[in-house]
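> attaching a predicted model along with its sequence, questions to come.
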Amino acid sequence: MRFGLAAKLTLFMGGAMALVAVTMALTVSLYMQKSLEREHHLRCLSSAAHLVRHIRAPLITNDLYSLYEYFQDTVQQDLFYSVMLLDGSGKVLMHNDLLEIGKIHEDPFSRHALQTEKPLFSDIFWTEDGLLVDDVFVPIVVADIRLGTLRLGHSHAEIEKTVGDSRKQIVLVGIAAILASLLLANFLASVIARPIRSLTDATKRVALGDLNLSVDVRKGDELGILARSFNAMTRELRRTTVSHDSLQNIFNSASDAIRTINLENDIVMSNRAMTDLLNGQGKCIQGKCYQLIHAPICDTADCVLKRIAGGEKYVQLETAIELHDGRKKVVRLTATPLLENDRIAGVIESIQDITDQKAAEKESQNLQNQLVQAQKMESVGRLAGGVAHDFNNILSVIIGYSELGLATVPKGDPLSEKLRIIEDAAQKAAALVRQLLAFSRKQVLEMTVLNVNEVVTNMMKMLGRVIGEDIRLELSSLRATRKIIGDHSQLVQVLMNLAVNARDAMPNGGRLIIETADVDLDEDYARLYSYVQPGPYVLLSVTDTGIGMSREVMKNIFEPFFTTKGPEAGTGLGLSTVYGTVKQHGGHIHVYSEPDRGTTFKIYLPATDKEKGERAATKALRGRQGSETILVVEDEHVLRQLLADILRPMGYKIHLAANGREALELFNTIQGPLDVLLTDVMMPEMDGRELARRIMDMHPATKVIFMSGYAQSIIMQNDSTLEQCYFIPKPITPSVLDAKLRQVLGESTAS
């Protein structure tokens, strides 16, 4: 007798119903157990509340005997097997078993329950005595003050007895159902088990990847239809798997992290790069798209899924993201529609990690900005230095002839006063030139070992007069212990310029704070600022509480003649002088400012381990009339003539040359020794340094004096041949030149 699939399923369902009956019986048993547990918990809470009301008074009065009696009465009930009172640390203050008093309950659940404001039940567990129990923790609160926690051990004995009786009945029903099922299964096995087993085995092989098999079931019933459908499915799977594998290989070969997301924000598929982006946690890449990778746009209208669903065909943007493990990255996100049957079913999202690229671009931009600023300042410095050099030559003539005129005109003569006015004006112009040279880092410095704290402290009174009474001067923290090598007068000028700048920024009064400290700038800091050398420094910080500056103003504050003040308020050289002086000292300066938030200038000067000491004083020589031979080399005709007019009345034998080559030719014609070569440095055809080397090679006894508006260190350029040469700064005055010649020729005579 052949049965159709319906008959077979009817028989099968008969057995299934038997199983369902057993399942229902078990469910009833479990439901009964849960119901009894809930009922017991309610009774526990009621009994606990009752007990709490009775023990508040003994607890407040510390009546331990009454507490113990209440605990004993509670344990007499079948509901509880133990009662104890715990303090905030878990220590047992009272127990129905006096031997338990003083013990401490430190398990995690107890610690948690002691902090909870509501009653709390523990998980069910077995005691050492073989009881199935759970504990209820009830806080005892009086007037918002927690006096302790009541822990009651709840016994499940009554529940277990009731449930056990029910289970016996369920077992009897289950046995009957099993017997019926066995009979039914035995019958079904002979009818449908064999073809189903064949299909089952085939299914397992397909699951293992064997897609080349087919099931040979020749029956014409539903199982035959199922077998033929199964064979058709395996053939289709073979074709699909080949296509899927090719697609997956292409998908995984992409360097960008790619995932597909449906319209419900669910991640459908991700490639290997996405797994790598998520730190190798491939099992965690399923879920909502915003759970593993969250961007600021996720909750806005700029969400790429919303934009694609809204009709956009292509979306690309750069954004910051936060991954599920807290890592933050910058990515380039590209999204295109995911289509199914020509309808948008989601989005294909490609994520390119550009964190390192952006960091490199930012660092490159910072370095580029620093380079541009440095080149700009260097160019302006060269221009300022060149202008200062030309002005020094002009001022040398004005000051020189003014001083010569004053020496020849009687003091009461009206011309004397006019010459004095000319000289004073020229000296003021010379001071302006020195400021330009300070910015261009070519000023003349007298370097000594200095204690910055002493420089600041000694200027207290002077700074107080400069800033006025409405500004409070604070030396809050002079913590620098290191020393520097610097020019004392120039550092004083730096502080004065910064103080004046701060005063002008605080028209309504405020605070000027000066601080010093020892700092060490490491390699990481030096990488941020290309012009900084790592090492020990002394920090000099000057802060005001004034009007502050915008970023646009800060970009230009160190440029010569730049000022935000009125035309009568300043020259615009104060901060440029500060910049040049700091740079010439081998340091650097940073500015921090915001509008209405004040300004801080931080100056970093290289520290030295040399001991503090004053430079040697110049040996004082008595004046004398000269008779030596001097070769004067100066490309400026007027200045050359001035030097001749100064030196000839002193008795010197003067030879004049306009450049280095002319001086060499003239040197070969001089009769007798050449005592002094007085030469400019910057000249056409041959500069003063090369001229000095050649003459010293031919006549080592000749003394060389360089004339320049630039610093001596720039002139000498660490040339050992020129170390024995002398130096006189421009603008040159007759008195200074006379003193220098007395020094040079006096040392020659002494030697």
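Great, that's in hand.
> which other residues reach stretch 491-508?
Stretch 491-508 is touched from outside by 438, 450, 452, 455-456, 459, 462-463, 466-468, 470-471, 512, 514, 542, 544-548, 565, 569-570, 574-575, 577-578, 581-582, 585, 598-599, 601, 603, with contacts defined as C-beta atoms under 8 Å, 6 or more residues apart in numbering. (Each C-beta comes from the backbone N, C-alpha and C, glycine too.)
> correct me if wrong: L678 contacts V633.
Yes: counting by C-beta atoms under 8 Å, V633 is a contact partner of L678 at 7.1 Å.
> the more surrounded of these two?
V633 (29 against 26; other C-beta atoms under 10 Å).
> coming back round to it: pull out the buried residues from the contacts of stretch 491-508.
438, 450, 452, 455-456, 459, 463, 466-467, 471, 512, 514, 542, 544-548, 570, 574-575, 577-578, 581-582, 585, 598-599, 601, 603 (16 or more other C-beta atoms under 10 Å).
> how about stretch 27-35: buried residues?
29, 32-33.
> tabulate the CA atom coordinates of stretch 734-751 in PDB.
Provided in PDB are the C-alpha atoms of stretch 734-751 (Å, rounded to 0.1, in the frame of the first residue of the first chain):
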ATOM      1  CA  PRO A 734      86.100 110.700  15.300                       C
ATOM      2  CA  SER A 735      86.300 110.000  19.000                       C
ATOM      3  CA  VAL A 736      85.500 106.300  18.600                       C
ATOM      4  CA  LEU A 737      88.000 105.900  15.800                       C
ATOM      5  CA  ASP A 738      90.600 107.700  17.800                       C
ATOM      6  CA  ALA A 739      90.000 105.400  20.800                       C
ATOM      7  CA  LYS A 740      90.200 102.300  18.600                       C
ATOM      8  CA  LEU A 741      93.500 103.400  17.000                       C
ATOM      9  CA  ARG A 742      95.000 104.200  20.400                       C
ATOM     10  CA  GLN A 743      93.900 100.700  21.500                       C
ATOM     11  CA  VAL A 744      95.300  98.900  18.400                       C
ATOM     12  CA  LEU A 745      98.500 100.900  18.100                       C
ATOM     13  CA  GLY A 746      99.000 100.900  21.900                       C
ATOM     14  CA  GLU A 747      98.800  97.100  22.000                       C
ATOM     15  CA  SER A 748     101.200  96.900  19.100                       C
ATOM     16  CA  THR A 749     103.700  99.200  21.000                       C
ATOM     17  CA  ALA A 750     103.200  97.200  24.200                       C
ATOM     18  CA  SER A 751     103.900  93.900  22.400                       C
END
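> can you give me the buried ones in it?
Buried positions in stretch 734-751, judged by neighbour count with 16+ other C-beta under 10 Å: 734, 736-737, 739-746.
> tell me what D266 is bridged to.
K288 (DSSP bridges).
> ok, H105 touching G153?
No: here H105 does not reach G153: they are 11.9 Å apart, not a contact under C-beta under 8 Å.
> return the distance of the longest helix seen in the chain from the chain's centre.
Criterion DSSP state H: the longest helix present in the chain is helix 5-60. Mean-position distance between helix 5-60 and its chain equals 58 Å (C-alpha atoms, centre = their mean, to the nearest Å).
> and the next helix or strand past that helix?
helix 64-75 (DSSP states H and E).
> which other helices and strands does that following helix contact?
Contact partners of helix 64-75 among helices and strands, from 3 or more C-beta pairs under 8 Å, 6 or more residues apart in numbering; DSSP states H and E: helix 5-60, strand 80-86, strand 92-95.
> got the ones you listed as JSON lines, with mean pLDDT and distance to V171 columns?
Output for the helices and strands packed on helix 64-75, formatted as JSON lines (pLDDT from 0 to 100; distance: least, C-beta to C-beta, whole Å):
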{"stretch": "helix 5-60", "mean pLDDT": "75", "distance to V171": "9"}
{"stretch": "strand 80-86", "mean pLDDT": "88", "distance to V171": "29"}
{"stretch": "strand 92-95", "mean pLDDT": "88", "distance to V171": "40"}
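> which of these sits most buried?
strand 80-86 (a mean of 22; mean count of other C-beta atoms under 10 Å).
> name the strands paired with that strand and say parallel or antiparallel.
As assigned by DSSP bridges, strand 80-86 forms pairs with strand 92-95 (antiparallel), strand 145-155 (antiparallel).
> tilt between the longest one and helix 64-75?
This means strand 145-155. 30 degrees (axes from the mean of the first three to the mean of the last three C-alpha atoms, to 10 degrees).
> quick one: buried residues of strand 145-155?
So, applying 16+ other C-beta under 10 Å, buried residues of strand 145-155: 147-155.
> over to stretch 471-487?
471, 473, 478, 480, 482-487.
> picking up where we left off before, columns distance to E611 on top of the strands paired with strand 80-86, output as TSV?
Shown next, in TSV, are the strands paired with strand 80-86 (distance: least, C-beta to C-beta, whole Å):
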stretch	distance to E611
strand 92-95	71
strand 145-155	68
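> can you give me phi and psi for the closest residue to K91 other than its chain neighbours?
Nearest residue to K91, sequence neighbours excluded (C-beta to C-beta, 6 or more residues apart in numbering): I104, at 5.0 Å. The phi and psi values for I104, taken as degrees, to the nearest 10, are phi -120, psi 130.
> list the residues that contact I104.
Per C-beta under 8 Å, 6+ apart, neighbours of I104: 89-92.
> tell me which of those is nearest to A407?
S89 (97.7 Å; C-beta to C-beta).
> which ones are touching the closest one?
S89 touches 104, 114, counting by C-beta under 8 Å, 6+ apart.
> now with 7 Å, please.
By C-beta atoms under 7 Å, 6 or more residues apart in numbering, the residues touching S89 are I104.
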